[in-house]
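[1] What follows is a predicted structure for the sequence shown.
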Amino acid sequence: MYWHNLFVPTLREHPADAEAVSHKLLVRGGFIRQLTAGVYSMLPLAQRTLLKITDIVREEMNAIGAQEFYLPALNPASVWRESGRWDVMGDNMFRLKDRKGAELCLGMTHEEIFTAIARNELRSYKQLPQIWYQIQTKFRDEPRPKSGVLRVRQFTMKDSYSFDLDTDGLDKSFDLHDAAYRRIYSRCGLRFAVVEASSGAMGGSASNEFMVASEAGEDWIASCASCGYAANVEKAVSRLEPVPDGSGLDAPEKFATPGIRTIEALVTFEGGAAAHNQIKTYVCVLDGKLTLALLRGDHELNETKIKDAVGANDFRPAQPDEIFEALGAHPGSLGAVGVTTYPVIADEALRGRTSMTTGANENDFHLRGVNVERDIKVTKWASLRTVKAGEGCPRCDATLEVNKSIEVGHIFKLGLKYSVSMGANVLTQDGREVPIVMGSYGIGVERIMAAAVELYHDADGICWPVSIAPFEVVVTPVNFTDEAMRTAAETIYRELKAAGVDVILDNRDERPGVKFKDADLVGIPFRIVVGPKKLKENKVEFFTRSTKTNEDLDLASVVAHVRNVVAEAKAKLR
Ligand code: ATP
Ligand code: MG
């Protein structure tokens, strides 16, 4: 490819609306253009990178025996109704009607469609295990599309699904995916962590997320540098220092707290209590059901944790009028003592606590001397609080860090959720009919591209890992109209190409500075500069983008040398 023929609409300035580095650089480097909110066109450079990513994904999926499918993105409502997710997916699902009025949607994920195939076609244990995958477009009407292609409404996902006879089989399929995913991200050059995750709306038992640490991420990960424990804060737990309880009372005692509405205000109030001796009562609505969540005064509720604790899909804070109707008081005076008509979910940190202070469900009154297990009807104990940096690691003596990350992949043990709801069964060796045990595994293709930019860039632009760079090498003659330079550049270009290197020749009639700037911006890992002075000595200059180092190479050996450098850089990622 000659640069002259390549469509790379680079911009002088970062787009004004962009915050994330990957958003800025992918737009400025001429990789992507927004069509509408959360919907992007992939221009030729992005498409080259994405194809390299999908090649790696395909190779590694095929290597674990997975078989590639291609399923429709246009789905009938009926199959989503069978699993119950037509309702669960809510506003995130793009829905439409055909000319006859039949309801359809655009696929957000493909558990239902793959399960429908399995149900109709798999009959016997002899046909298991199966791993099926596709690389295909997904549609999600995300509430907040943002950060360029990191969170979009249309994106490419590699999604796979495993079908096993039993949970041992599922464990194997899950481990195969875990290993394949590690190879995929390594080969794409990403530095990543594997963390325990919530299984959320997908249902199921265990799940791991693959995370790239980055300020542009939307997930918070708690991790321990000492023992390697790592979990999404939606799932993470921590070890707390014990806190002292007061001496206790025989029964809760009501006391007046005029105008006191917050945990902090009660801390300084005469006769109040330290935050860790208070119970925070949070009223929320889970799948339409009013529910009380109890936490220690100095702890924060995690939405995902409480949804997972009760298996709810939908969470919202209760409105003040709903709260008043249910409990007879306003936020600031709420508590769970005496509450029997609503579920009360209590955080584990409240177990065994005594002498606690909480709202009395009467405006301007609190209760002290509350013994949680004696005085409150807890319907369920669960881990509800968001862990914080500096708290103890649950597995060792060290403390946890909490950092922002980008989720680039997620693997789930689904279990029987879809096979039972949709009736996907097989016969065992002894003739019993059993539901298939399933797993589901996703990788965001554009997210890998954007995460790589977040990780690898500098003030001049992107520094692609060589395996997913749009081109591996650029040959830049300082002046293409000069015959000697042109001949040398074209020879190097042709020979590198013949040697299997993904190379581009910058034959544009531009000043060398412009060509260098563009190559730096779009992030081509290696550059061979053919200039007048060096050429007279039969030399060219070899520039490495990531280290910004230059070396002189003999014209005679440049092709062999560069081919080796590229091959070694790729091999390092394996
Ligand atoms: P998130 O929590 O970021 O919304 P998710 O948990 O909904 O992700 P999955 O349903 O597990 O994601 O999808 C698998 C993968 O698809 C994710 O790990 C991510 O890489 C990618 N992905 C999901 N949603 C988006 C999106 N809106 N834009 C780009 N990629 C996405
Ligand atoms: Mg999502």
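    Noted; the coordinates are in hand. Ligands and ions are numbered 1, 2, ... in the order given.
[2] Now do stretch 21-38: distance from first to last residue.
    Its start and end residues considered, stretch 21-38 measures 16 Å (C-alpha to C-alpha, to the nearest Å).
[3] buried residues in stretch 269-278?
    Of the residues in stretch 269-278, 269, 272, 273, 275, 276, 277, 278 count as buried by neighbour count, 16 or more other C-beta atoms under 10 Å. (Each C-beta comes from the backbone N, C-alpha and C, glycine too.)
[4] How about the stretch 51-200 of the chain: which residue is closest to ligand 1?
    Proximity of the stretch 51-200 of the chain to ligand 1 (C-beta to the nearest ligand atom) peaks at residue 155, 4.0 Å away.
[5] Just list the residues touching the residue nearest the centre of the chain, thanks.
    In the chain, the centroid-proximal residue (C-alpha atoms, centre = their mean) is residue 407; its distance is 1.9 Å. The neighbours of residue 407, taking C-beta atoms under 8 Å, 6 or more residues apart in numbering as the test, are 209, 210, 211, 217, 218, 219, 444, 447.
[6] quick one: strands adjacent to the helix or strand hosting the third one?
    Assignment of secondary structure by DSSP states H and E places residue 211 within strand 207-213. Its sheet considered, strand 207-213 pairs with strand 193-196 (antiparallel), strand 401-415 (antiparallel) by DSSP bridges.
[7] Give me the buried positions along it.
    By neighbour count, and taking 16+ other C-beta under 10 Å as the criterion, the buried residues in strand 207-213 are 207, 208, 209, 210, 211, 212, 213.
[8] again, but for stretch 312-330
    Buried, per 16+ other C-beta under 10 Å, within stretch 312-330: 312, 313, 315, 318, 323, 326, 327, 329, 330.
[9] Lowest-confidence entry in the residues you listed?
    Comparing pLDDT over the buried residues of stretch 312-330, residue 313 scores lowest. The value there is 85.
[10] Can you tell me the closest non-neighbouring residue to that one?
    For residue 313, the nearest residue in space outside its immediate sequence neighbours is residue 88; the separation is 4.8 Å by C-beta to C-beta, 6 or more residues apart in numbering.
[11] which residues in the stretch 301-450 of the chain form strands?
    Counting by DSSP state E, counting those that start in this stretch, residue ranges of the strands within the stretch 301-450 of the chain are 315-317, 344-347, 356-359, 365-370, 380-382, 401-415, 425-427, 433-435, 437-444.
[12] Tell me which of these is the most buried.
    strand 356-359 (a mean of 28; mean count of other C-beta atoms under 10 Å).
[13] pLDDT averaged over that one - what is it?
    Strand 356-359 carries an average pLDDT of 97.
[14] near ligand 1, which residues of the protein?
    Selection of the chain residues close to ligand 1 by C-beta under 6 Å from any ligand atom yields 109, 140, 142, 151-152, 155, 157, 407-410, 442, 444, 446-447.
[15] Widest-spaced pair of the residues you listed?
    Of all pairs drawn from the residues of the chain next to ligand 1, the greatest distance, 17.6 Å, lies between 142 and 409 (C-beta to C-beta).
[16] So what's the residue count around the residue lying closest to residue 31 once chain neighbours are set aside?
    In space, and not counting its chain neighbours, residue 31 is closest to residue 46: 3.9 Å by C-beta to C-beta, 6+ apart. A count of nearby residues for residue 46, using other C-beta atoms under 10 Å, gives 22.
[17] How is residue 46 assigned, secondary-structure-wise?
    Assigned state for residue 46: helix (three-state reduction, DSSP: H, G, I helix; E, B strand; the rest coil).
[18] ok, it touching residue 32?
    Yes. A contact is recorded between residue 46 and residue 32 when judged using C-beta atoms under 8 Å, the distance being 5.3 Å.
[19] Check the offset of stretch 102-120 from the chain's centre.
    Its chain's C-alpha centre and that of stretch 102-120 lie 23 Å apart, by C-alpha atoms, centre = their mean, to the nearest Å.
[20] Can you give me the pLDDT of the nearest residue to residue 194 once chain neighbours are set aside?
    Using C-beta to C-beta, 6+ apart and skipping residues adjacent in sequence, the residue nearest residue 194 is residue 208, 5.3 Å away. As summarised for this prediction, residue 208 has a pLDDT of 95.
[21] wait, doesn't residue 208 sit right on residue 198?
    No. Counting by C-beta under 8 Å, residue 198 is not a contact partner of residue 208; they are 11.1 Å apart.
[22] Does residue 367 touch residue 257 like I think?
    No. With contacts counted by C-beta under 8 Å, residue 367 stays clear of residue 257, the gap being 10.0 Å.
[23] Now stretch 140-149: buried residues?
    When burial is assessed from 16+ other C-beta under 10 Å, stretch 140-149 yields the following buried residues: 140, 141, 145, 146, 147, 148, 149.
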